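Peer 1: heads up, no residue letters with this:
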């Protein structure tokens with residue numbers, strides 16, 4: 001299933017999707033076998049690609065350009081990584097594409113290897129079209145965990161890579177045009193106290209007690225945000241959210257805990273200040289730490305931001321929005337609850353929207369699938385883009 005393709009080998013979108021699904025690219029694993037396959041396939045058509053490896057060297061993003069090399073064009077961007085399948089009740093092998101009842105089943109089938117499969121399968125057609133505006137394919141990694149797999153490639157755009165005119169991130173939207181989503185930042189707070197017998201708390205400092213105070217602050221922050229809703233009616237819920245996903249600490253009931261850990265996140269509206277919440281938390285942590293150090297001078301509270309995914313803000317009338325409307329036949333935009341890599345492109349000054357085939361409702365589920373109808377609609381979308389880029 002993963003053999004090197006022969007020179008100039010063609011694949012239908014469904015065949016290409018089967019090849020991509022066959023690579024187990026769960027985020028904690030390497031995506032290099034998939035990247036190797038794509039490079040070999042492109043080389044068979046005389047198309048070069050630029051790799052952007054991660055620091056560990058076990059993953060890479062790939063930038064591909066078809067058409068004139070002296071100008072920027074339209075980026076079709078998608079991630080190669082997928083979420084895990086462990087603990088899910090799959091009725092078939094998740095890494096073997098299975099087609100039945102008008103659906104193509106497999107991990108990543110809709111999120112979002114179908115979009116990549118469409119772009120890659122149509123490379124021979126892009127080459128034959130004598131494009132005046134290049135079509136760029138950008139394959140990223142780690143979207144499902146940090147959304148940082150695009151940043152090195154984006155940094156090169158306008159330098160070693162051409163600066164694009166517009167970016168379409170192909171997350172599944174049923175080909176509706178998303179121009180807005182929330183940003184998300186995740187944090188790990190480590191609290192170091194000092195152990196002592198619970199009958200004499202003045203001899204130590206409880207990391208769990210300190211963590212409870214910080215958890216209460218996060219809860220109050222969440223409530224304050226709920227009382228400041230966005231009135232635009234585009235987001236559900238229509239306010240910033242703060243969530244504690246994990247709180248661990250202590251080893252026994254009668255020992256002051258010397259260690260605790262809180263894993264938490266903030267999801268912000270595009271109009272919100274992403275620095276405000278972390279700054280408020282840090283101010284509260286300073287007060288809690290001062291209380292701890294009254295009895296434990298070496299106490300510490302350390303917070304690390306583990307991921308930072310910027311939101312996507314509406315840019316009415318941008319080149320990306322106008323292009324996607326022409327290609328999809330839509331005349332309106334939507335907002336989505338999930339985060340994507342689109343905000344990174346927008347922060348770099350690139351007009352960006354999110355638009356791709358399939359429904360997000362099928363993503364991350366056992367027996368994930370994309371309908372063949374949506375795959376065909378995605379191909380029609382790509383062929384309209386090809387026609388636009390010929391003129």
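Peer 2: Happy to help now that I have it. For clarity, every value in this text was computed on a predicted model and none was experimentally measured.
Peer 1: mind listing the strands for the stretch 251-391 of the chain?
Peer 2: Under the criterion DSSP state E, counting those that start in this stretch, strands of the stretch 251-391 of the chain are mapped to 259-268, 300-309, 333-336, 352-354, 369-371.
Peer 1: Just send the ones you listed back as JSON lines, with mean pLDDT and distance to residue 291 too.
Peer 2: C-beta coordinates here come from the backbone N, C-alpha and C atoms, glycine included. Listed next are these as JSON lines, based on pLDDT from 0 to 100; distance: least, C-beta to C-beta, whole Å:
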{"stretch": "strand 259-268", "mean pLDDT": "98", "distance to residue 291": "15"}
{"stretch": "strand 300-309", "mean pLDDT": "96", "distance to residue 291": "11"}
{"stretch": "strand 333-336", "mean pLDDT": "96", "distance to residue 291": "42"}
{"stretch": "strand 352-354", "mean pLDDT": "98", "distance to residue 291": "45"}
{"stretch": "strand 369-371", "mean pLDDT": "98", "distance to residue 291": "53"}
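Peer 1: deepest of these, which one?
Peer 2: Ranked by mean neighbour count, the strands of the stretch 251-391 of the chain are led by strand 352-354 with a mean of 30 (mean count of other C-beta atoms under 10 Å).
Peer 1: Of all the strands of the stretch 251-391 of the chain, which one is nearest residue 44?
Peer 2: Of all these, strand 369-371 sits nearest to residue 44, with 25.9 Å by C-beta to C-beta.
Peer 1: Please enumerate residues in contact with stretch 237-245?
Peer 2: By C-beta atoms under 8 Å, 6 or more residues apart in numbering, the list of residues contacting stretch 237-245 from outside reads 182, 215, 218-219, 221-222, 225-232, 262-269, 272, 277.
Peer 1: so how far is it off the chain centroid?
Peer 2: The chain centroid and the centroid of stretch 237-245 are separated by 18 Å, computed with C-alpha atoms, centre = their mean, to the nearest Å.
Peer 1: Quick check: buried residues in it?
Peer 2: Using 16 or more other C-beta atoms under 10 Å as the test for burial, stretch 237-245 gives 239, 240, 241, 242, 244.
Peer 1: And the helices in the stretch 201-350 of the chain, which stretches?
Peer 2: 207-226, 276-293, 319-328, 342-347 (DSSP state H, counting those that start in this stretch).
Peer 1: Where do the helices of the stretch 1-150 of the chain begin and end?
Peer 2: Using DSSP H, counting those that start in this stretch, helices in the stretch 1-150 of the chain cover 13-21, 32-43, 114-121, 123-128.
Peer 1: what number of residues lie near the spatially closest residue to residue 85 that is not a sequence neighbour?
Peer 2: With sequence-adjacent residues excluded and distances taken as C-beta to C-beta, 6 or more residues apart in numbering, residue 85 is closest to residue 94, at 4.6 Å. Residue 94 is flanked by 23 other residues according to other C-beta atoms under 10 Å.
Peer 1: quick one: buried residues of stretch 44-54?
Peer 2: 44, 45, 47, 49, 52, 54.
Peer 1: if we can go back for a sec, which one, of the strands of the stretch 251-391 of the chain, ends up nearest to residue 152?
Peer 2: Per C-beta to C-beta, nearest to residue 152 of these: strand 300-309, 15.2 Å.
Peer 1: Now do the closest one: which elements does it pack against?
Peer 2: strand 183-192, helix 276-293 (3 or more C-beta pairs under 8 Å, 6 or more residues apart in numbering; DSSP states H and E).
Peer 1: how far off strand 259-268 does the first one point, in degrees?
Peer 2: Orientation check (axes from the mean of the first three to the mean of the last three C-alpha atoms, to 10 degrees): strand 183-192 against strand 259-268 gives 160 degrees.
Peer 1: who's in contact with the nearest residue to residue 389 once chain neighbours are set aside?
Peer 2: Leaving aside its chain neighbours, residue 389 sits nearest to residue 133 (4.1 Å; criterion: C-beta to C-beta, 6+ apart). Neighbouring residues of residue 133 by C-beta under 8 Å, 6+ apart: 67, 68, 71, 73, 74, 165, 388, 389.
Peer 1: Kindly indicate which of these lies nearest residue 186.
Peer 2: So of the contacts of residue 133, ranked by how close each gets to residue 186 (C-beta to C-beta), first place is residue 74, at 31.4 Å.
Peer 1: Quickly list what the closest one is bridged to.
Peer 2: residue 135, residue 166 (DSSP bridges).
Peer 1: Isn't it up against residue 137?
Peer 2: No - applying C-beta atoms under 8 Å as the test, residue 74 and residue 137 come out as separate, 10.0 Å apart.
Peer 1: which of the residues in stretch 287-303 are buried?
Peer 2: Going by neighbour count (16+ other C-beta under 10 Å), the buried part of stretch 287-303 is 288, 289, 292, 295, 296, 299, 301, 303.
Peer 1: which one of those residues is nearest residue 84?
Peer 2: Taking the buried residues of stretch 287-303 together and measuring to residue 84 by C-beta to C-beta, the closest member is residue 303, at 26.9 Å.
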